[in-house]
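> Build the 3D model from these lines:
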Amino acid sequence: MTSRQRLRLVLVLGSLIAIGPLTIDMYLPALPTIAADLHTTSAAVQLTLTGTLAGLAFGQLLIGPLSDAVGRRKPLLVGTALHIVASVLCVVAPNIGLIGTLRVLQGLGAAAASVVAMAVVRDLFSGAAFAKLFSRLMLVMGVAPILAPTLGSQLLRWSQWRGVFVALAVLGLVLLVVAAVGLPETLPAARRQRGGVGATLRVYGGLLRDRIFVGLVLVAGLAMAALFAYVSGSSFVFQEHYGLDEQEFGIVFGAGAVGLITATQLNVRLLRRYSPQRILVNALGAGTVAGLALLVFAATGAGGLASVLVSLWAVLAAVGLALPNAPALALSRHGEAAGTAAALLGAVQFAVGALAAPLVGVLGTGSVAMAVVVAGGMVASMIVLVLVVRPGQLGDIEPGAVAVAVH
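This is a model prediction of the structure:
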């Protein structure tokens, strides 16, 4: 694969994966407004975020094996079309209950882009090459969480919150065209899984019996829980507790995303000298310390907003180093079922995130509530890495940029 072909692949896949973060993050500045407009509670509005994450989790479990059986393109195109329809219906939904249901469907549609994109990368690359390309991919899709709250807040200046869903529908239509035109099939018929439901269950069973794979999946999921606790709680914490307006919140949220993206790109350089497992161990160690510091600052008020922001950004940077490497180590063990393995990985990440999001609301939506869940996710991720994965047993994965030819 030439450099130009690789760049095109990163741009196409990054654009497709971006639909998930945009769907999750773009309406964050509007959460307090939605709660007031629909005469509901902040916890009920946060459950719509949970619905999106649940849809993403279940959708990946469904679409991953399907993409191993029928190829990558068809599930991707159908899922993106579902996302468009759900977004249009959100524009006219009259109550929070219906919006929550439609957000589940949006998540299902976005899941197709997420799992298929990761499976495509695994179809073409393995080992350290996968981790490097995935880091580049995170640069592209990382623009989405930077832009999403800012775009949402700007839309709210001239539109009601329903305008966010109009924008998501238009975006989905654009990405449907990009997928149809710019992404070739990467899974030849000869490499597809056969045998129906029974074969799928056997593949899932084999994955679940791999202790190291399951441990790495949980590590990624718990790190994602810390991230989603921040995502779901930040609009309430920064706007209601610290008094930022919608535009200031968009700037603060974007600054955190810059830190995460910078870390993912630093990861590419670090992989030239260090193994993915070594980077993962050190990233989670630093993230655990930063998470505990965040909890102390939030509980005591020491340092005010600045100390909370600095410790939060340190956690996000640690997550940015951990997330490319945990999936790379996990998927390198099961290249023969990349779609199913990627589905299980993504499903656990979003399922744990779906639990973390409302937990912040249940605990009170304040800075301490958010800090408890963020710190808890990082501490639990480190514990699983040490006790379940046992980094010393991982061994080395391929250091070279080995690519598999596209047929």
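> just checking, next helix/strand downstream of the strand or helix carrying Ala354?
If you go by DSSP states H and E, Ala354 is part of helix 338-363. Using DSSP H and E, the helix or strand that directly follows helix 338-363 along the chain is helix 367-384.
> List the buried residues of that next one.
367-382, 384 (16 or more other CB atoms under 10 Å). From N, CA and C alone the C-beta is placed, and that goes for glycine too.
> now the helix or strand hosting Val258, how far from the centre of its chain.
Taking DSSP H and E as the criterion, Val258 maps to helix 246-270. In this view, helix 246-270 has its centroid 14 Å away from the chain centroid, taken as CA atoms, centre = their mean, to the nearest Å.
> tell me the angle the helix or strand just after that helix makes with helix 367-384.
Sequence order places helix 276-300 as the next helix or strand after helix 246-270, per DSSP H and E. With axes from the mean of the first three to the mean of the last three CA atoms, to 10 degrees applied, the angle from helix 276-300 to helix 367-384 works out at 150 degrees.
> Remind me what helix 276-300 packs against, helices and strands.
helix 211-236, helix 246-270, helix 304-331, helix 367-384 (3 or more CB pairs under 8 Å, 6 or more residues apart in numbering; DSSP states H and E).
> for the record, mean pLDDT for that helix?
Averaging pLDDT along helix 276-300 gives 95.
> how about that helix: buried residues?
276-277, 279-281, 283-284, 286-295, 297-298.
> Please compute how far it lies from its chain's middle.
On CA atoms, centre = their mean, the centre of helix 276-300 falls 19 Å from the chain's centre.
> For the residue nearest to Ala326 when sequence neighbours are not counted, give its distance to Ser153.
Distance criterion CB to CB, 6 or more residues apart in numbering; nearest residue to Ala326, sequence neighbours excluded, is Ala220 at 4.1 Å. To Ser153, Ala220 is 30 Å away according to CB to CB, to the nearest Å.
> Could you identify the helix or strand that succeeds the helix or strand of the chain with the lowest mean pLDDT?
Across the helices and strands of the chain, mean pLDDT, DSSP states H and E gives its lowest value to helix 127-158, namely a mean of 72. Where DSSP H and E defines the elements, the next helix or strand beyond helix 127-158 is helix 162-182.
> Remind me what the first helix or strand past that next one going along the chain packs against, helices and strands.
Once the chain leaves helix 162-182, the next helix or strand it forms, by DSSP H and E, is helix 196-208. In this structure, helix 196-208 packs against helix 42-70, helix 211-236, helix 338-363, with contacts taken as 3+ CB pairs under 8 Å, 6+ apart.
> Mean confidence (pLDDT) on the first one, please.
It refers to helix 42-70. So the average pLDDT for helix 42-70 ends up being 84.
> What is the next helix or strand after it packed up against?
Downstream of helix 42-70, the first helix or strand assigned by DSSP H and E is helix 73-92. With contacts taken as 3+ CB pairs under 8 Å, 6+ apart, helix 73-92 sits against helix 19-25, helix 42-70, helix 96-124, helix 162-182.
> Neighbour count: Ala220 and Ser153, which is higher?
More neighbours surround Ala220 than the other of Ala220 and Ser153, with 27 against 22 (other CB atoms under 10 Å).
> what sits against that one?
Ala322, Leu323, Ala326, Pro327, Ala330, Leu345, Val348, Gln349 (CB atoms under 8 Å, 6 or more residues apart in numbering).
> burial measure for the last one, as a count.
Spelled out, that is Gln349. 28.
> distance of it from Val319?
11 Å.
> same question, the fifth one
Summarising the geometry, the distance separating Ala330 from Val319, computed by CB to CB, is 16 Å.
> out of those two, which sits in the more crowded spot?
Neighbour tally, Ala330 and Val319, criterion other CB under 10 Å: the higher count belongs to Val319, 28 against 25.
> Now the terminal residues of stretch 329-344, how far apart.
14 Å (CA to CA, to the nearest Å).
> what about it, average pLDDT?
pLDDT averaged over stretch 329-344 gives 78.
> So which bits of it are buried?
So, applying 16+ other CB under 10 Å, buried residues of stretch 329-344: 329-332, 334, 337-344.
> can you list the residues you listed in JSON lines and add distance to Leu31?
Shown next, in JSON lines, are the buried residues of stretch 329-344 (distance: CB to CB, whole Å):
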{"residue": "Leu329", "distance to Leu31": "35"}
{"residue": "Ala330", "distance to Leu31": "33"}
{"residue": "Leu331", "distance to Leu31": "34"}
{"residue": "Ser332", "distance to Leu31": "38"}
{"residue": "His334", "distance to Leu31": "38"}
{"residue": "Ala337", "distance to Leu31": "38"}
{"residue": "Ala338", "distance to Leu31": "36"}
{"residue": "Gly339", "distance to Leu31": "34"}
{"residue": "Thr340", "distance to Leu31": "34"}
{"residue": "Ala341", "distance to Leu31": "34"}
{"residue": "Ala342", "distance to Leu31": "30"}
{"residue": "Ala343", "distance to Leu31": "29"}
{"residue": "Leu344", "distance to Leu31": "30"}
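> Could you export stretch 163-183 as CSV, CA atoms only?
Taking Å, rounded to 0.1, in the frame of the first residue of the first chain, the C-alpha atoms of stretch 163-183 are listed here in CSV:
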residue,chain,number,x,y,z
GLY,A,163,-31.1,21.6,14.6
VAL,A,164,-28.4,19.4,16.0
PHE,A,165,-30.2,16.3,14.7
VAL,A,166,-30.8,18.0,11.3
ALA,A,167,-27.0,18.4,11.1
LEU,A,168,-26.5,14.7,12.0
ALA,A,169,-28.9,13.6,9.3
VAL,A,170,-27.0,15.7,6.7
LEU,A,171,-23.7,14.3,7.9
GLY,A,172,-25.0,10.8,7.7
LEU,A,173,-26.0,11.3,4.1
VAL,A,174,-22.5,12.7,3.2
LEU,A,175,-20.8,9.7,4.9
LEU,A,176,-23.1,7.3,3.1
VAL,A,177,-21.9,8.6,-0.2
VAL,A,178,-18.2,8.5,1.0
ALA,A,179,-18.6,4.9,2.0
ALA,A,180,-20.3,3.9,-1.2
VAL,A,181,-17.7,5.6,-3.4
GLY,A,182,-14.5,5.5,-1.4
LEU,A,183,-14.3,2.2,0.5
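> Since that was my last question, I'll sign off now.
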